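Q: 3D, please:
(one chain, ligands or ions: 3)
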Amino acid sequence: MTTTFFSEAYRETPIHLRHIIPLDFHSVPTVPDSHVWPKSDAFSSDDDRFSIPIVDLNDPDAVKLIGHACETWGAFQVINHGIPLNLLDDMESETRRLFSLPAQQKMKALREPAGIAGYGIARISPFFPKYMWHEGFTMSGSPVDHARALWPNDNARFCDVMESYQKKMKVLAEQLTHMILKSLDISEQDLNSDILGLPYTVLQLNSYPSCPDPNRAMGLAPHTDTSLLTIVHQSAITGLQLFKEGLGWVSVQPITGALVVNVGDLLHIFSNARFPSVLHRAVVNRDRFHRFSMAYFYGISTDCNVSPLPKLLNISGQTPRYRSVTVKEYVVIKSKSFDEALSLIRI
Ligand SMILES: C=C1C[C@]23C[C@@]1(O)CC[C@H]2[C@@]12CCC[C@@](C)(C(=O)O1)[C@H]2[C@@H]3C(=O)O
Ligand SMILES: O=C(O)CCC(=O)C(=O)O
Ligand SMILES: [Fe+2]
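A: Numbering: from 1, shown residues only. Ligands and ions are numbered 1, 2, ... in the order given. Below you'll find the model as predicted:
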């Protein structure tokens, strides 16, 4: 379902193979020119005075705290979320196992030019003049076909772990969505009845190999997510940074067992810009520090419209800042215009 939706949306913007096939990172002793980004101090963020809020889902004030975090940061870390720690560990070890395969084996699961699922570099690559120090593996639904191509005889464990993670993430994403709506005083009855019915979901595994010159390479370039919200599990190595007006790039410190939640573009539109869809990027590390992350993108039903929620406009007396678009229209606009997508639908 999700796969068909995205391949229809991406039909008009197929990606060239040079923007799908990653570098064989372990085969290069230095950073090739194709991957050298302009040197800038902004790459390092040693300033740990600031950090995004941490919300305990068992806190009686969790709804209020989440609402405040979404409004001030567009992100927060969540603890006591109900995802077992051993499942997070299994995700990490299966992710490591996948990216440790020889380059020619990973190529057997290469993403199609207009596809969403499979192995390759980030879809946003063509918007940047340099390549990122990153490789990814994207799943929309069952990973079984690609997993068979990667490990003809030994794919059951990978599929089991990915599928059970997707199930658990869906439950958590639903719970967070309800809490976020509650923080806005919106109940399910205030929503178009099928909007949350059949959400699109995408699971993305990210690998950032250790880099010989991390100050000149970029793991994942600055972007906002095309989702309602994204739940990220990061390995114990720093790399994720969020951009906060007035502060600049702020690192998200890994906390064992915590998950990072980002506000995506769709929630930004629904909230009539009250919640910023957070600009974020991943920087890379040297030596032994190969970093992994697992991002779960949670959307809404693909045949629904996205627009500022009418009840919210009534409560606040605000005028809508965005015109109504279908999810597909928005995904097409974003795939063509990337960081200008929101301004193209602004009223
Ligand atoms: C649903 C999606 C969001 C995403 C594009 C995609 O079709 C599948 C992969 C997602 C991802 C993961 C890495 C970063 C990102 C910007 C990219 O290039 O591919 C996101 C996309 C997004 O949020 O727009
Ligand atoms: O690696 C990370 O921490 C961030 C990943 C991310 O932003 C994404 O997959 O969209
Ligand atoms: Fe992201």
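Q: Identify the residue spatially nearest to the closest residue to ligand 2 within the stretch 101-250 of the chain, adjacent ones excluded.
A: Closest to ligand 2 within the stretch 101-250 of the chain is residue 240: 3.5 Å, counting by CB to the nearest ligand atom. For every residue, glycine as well, the C-beta is placed using N, CA and C. Distances taken as CB to CB, 6 or more residues apart in numbering place residue 252 nearest to residue 240, at 4.4 Å, with adjacent residues excluded.
Q: For the one you found, grab the count of nearby residues.
A: Using other CB atoms under 10 Å, residue 252 is surrounded by 22 other residues.
Q: Residue 101 now?
A: Neighbours of residue 101 (other CB under 10 Å): 15.
Q: my guess is it meets residue 149, correct?
A: No - under the criterion of CB atoms under 8 Å, residue 101 is not in contact with residue 149, lying 10.7 Å apart.
Q: Just the residues contacting stretch 157-165, thanks.
A: 87, 90-91, 94, 97-98, 139, 142-144, 147, 150-151, 203, 294, 296 (CB atoms under 8 Å, 6 or more residues apart in numbering).
Q: Report the residue spans of the stretch 51-200 of the chain with pLDDT below the cut-off.
A: The stretch 51-200 of the chain contains residues with pLDDT under 70 at 193.
Q: At which residues are the strands of it located?
A: Under the criterion DSSP state E, counting those that start in this stretch, the stretch 51-200 of the chain carries strands at the ranges 54-56, 75-79, 118-120, 135-139, 199-208.
Q: The stretch 201-347 of the chain now?
A: 220-223, 229-234, 240-244, 248-251, 259-263, 280-282, 291-301, 305-306, 325-326.
Q: export these to a markdown table and tack on distance to residue 183?
A: Shown next, in a markdown table, are the strands of the stretch 201-347 of the chain (distance: least, CB to CB, whole Å):
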| stretch | distance to residue 183 |
| --- | --- |
| strand 220-223 | 25 |
| strand 229-234 | 13 |
| strand 240-244 | 20 |
| strand 248-251 | 22 |
| strand 259-263 | 12 |
| strand 280-282 | 21 |
| strand 291-301 | 17 |
| strand 305-306 | 19 |
| strand 325-326 | 24 |
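Q: Quick check: which of the ones you listed is buried the most?
A: Counting by mean count of other CB atoms under 10 Å, strand 259-263 has the highest mean neighbour count of the strands of the stretch 201-347 of the chain, with a mean of 25.
Q: If I take the longest helix along the chain and strand 135-139, what angle do their directions form?
A: The longest helix of the chain (DSSP state H) is helix 156-183. Going by axes from the mean of the first three to the mean of the last three CA atoms, to 10 degrees, helix 156-183 is angled at 80 degrees with respect to strand 135-139.
Q: How about the residues of the stretch 51-200 of the chain by ligand 1?
A: 116, 122, 123, 124, 136, 138 (CB under 6 Å from any ligand atom).
Q: Now for the fifth one: which residues touch it?
A: In this case it means residue 136. Residue 136 neighbours (CB under 8 Å, 6+ apart): 119, 120, 121, 122, 204, 205, 206, 207.
Q: Between which two of these is the distance greatest?
A: Greatest spacing in the contacts of residue 136, by CB to CB: 121 and 205 (12.9 Å).
Q: Among the contacts of stretch 157-165, name the ones in helices.
A: Short answer: the contacts of stretch 157-165 in helices (DSSP H) are 87, 90, 91, 94, 97, 98, 144, 147, 150.
Q: In stretch 196-206, which of the residues would be classed as buried?
A: Buried residues in stretch 196-206, counted by 16 or more other CB atoms under 10 Å: 196, 199, 200, 201, 202, 203, 204, 205, 206.
Q: Now do it: everything it contacts.
A: 1-2, 5-6, 95, 98-99, 116, 134-140, 162, 165-166, 169-170, 173-174, 177, 188, 220, 227-228, 282, 292-302, 327.
Q: try 7 Å
A: 2, 5, 95, 98, 116, 134, 136-140, 162, 166, 170, 177, 220, 292-302 (CB atoms under 7 Å, 6 or more residues apart in numbering).
Q: Does ligand 2 have contacts with that stretch?
A: Yes - against ligand 2, stretch 196-206 shows contacts by CB under 6 Å from any ligand atom at 204, 206.
Q: And for stretch 298-305?
A: No - Stretch 298-305 stays out of contact with ligand 2 when judged by CB under 6 Å from any ligand atom, the minimum separation being 12.3 Å.
Q: Start at 17, not 1
A: That works, and once the first residue is 17, the last one we named lands at stretch 314-321.
Q: first to last residue in that stretch, what's the distance?
A: With CA to CA, to the nearest Å applied, stretch 314-321 spans 16 Å between its terminal residues.
Q: Repeat that for stretch 266-282.
A: 23 Å.
Q: pLDDT (mean, whole number) over it?
A: Averaging pLDDT along stretch 266-282 yields 96.
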